[in-house]
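Visitor: no sequence on hand, only this structure:
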């Protein structure tokens, strides 16, 4: 049974570490994936990277609106195109949103939970979430990608504005 894990908040040092590649998908990795999906859903996030729950391995989970959650193990961006400025938030940086530059589309490869090779081309929120979560695996936070330091905004928890917590 999956468990909700505590989400690491800046300045937790695990968020700045480069995560290690998963050599083999075993029960512990599958348990981590299930825990991450539950944790992401409970926090109303679009994505979650393993370092955000204190585990420095290359695993991300994502869930787009009206879609089933999924994971990518050892994800790697193999192609980027275009550039767009977007508002972004992060479960590890609560109470803030910032304007960042992201790719219009990305192609990512990795493994699914069954160890099968996958490759996906994404645009929109999925592209943004993939880049954001893969950045976490390299110790990069969206704060590092702000258009400029004046583009970070404090948000109120009771605001009706939609928060993109990745």
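Guide: Perfect, thanks for sending it. Quick caveat, the model's predicted, so the values are computed rather than measured.

Visitor: buried residues in the longest helix anywhere in the chain?
Guide: The residue-count maximum for a helix in the chain (DSSP state H) belongs to helix 27-42. By neighbour count on 16 or more other C-beta atoms under 10 Å, the buried set for helix 27-42 is 29, 32, 33, 34, 35, 36, 37, 38, 39, 40. Glycine gets a C-beta too; all of them are placed from N, C-alpha and C.

Visitor: thinking the fifth one is in contact with residue 54, fair?
Guide: Same thing as residue 35. No - counting by C-beta atoms under 8 Å, residue 35 does not reach residue 54; the two are 10.8 Å apart.

Visitor: overlap in contacts of those two?
Guide: Common neighbours of residue 35 and residue 54, counting by C-beta atoms under 8 Å, 6 or more residues apart in numbering, are residue 5.

Visitor: which residue packs closest to the residue most central in space within the chain, ignoring adjacent ones?
Guide: The chain has residue 133 as the residue nearest its centroid, 2.6 Å off, counting by C-alpha atoms, centre = their mean. Nearest residue to residue 133 in three dimensions, chain neighbours excluded: residue 60, at 3.9 Å (C-beta to C-beta, 6 or more residues apart in numbering).

Visitor: and for residue 29?
Guide: Leaving aside its chain neighbours, residue 29 sits nearest to residue 22 (5.9 Å; criterion: C-beta to C-beta, 6+ apart).

Visitor: so the one you found is in which element?
Guide: Per DSSP states H and E, residue 22 falls between elements, in no helix or strand.

Visitor: could you check the pLDDT of it?
Guide: Looking at residue 22, its pLDDT is 98.
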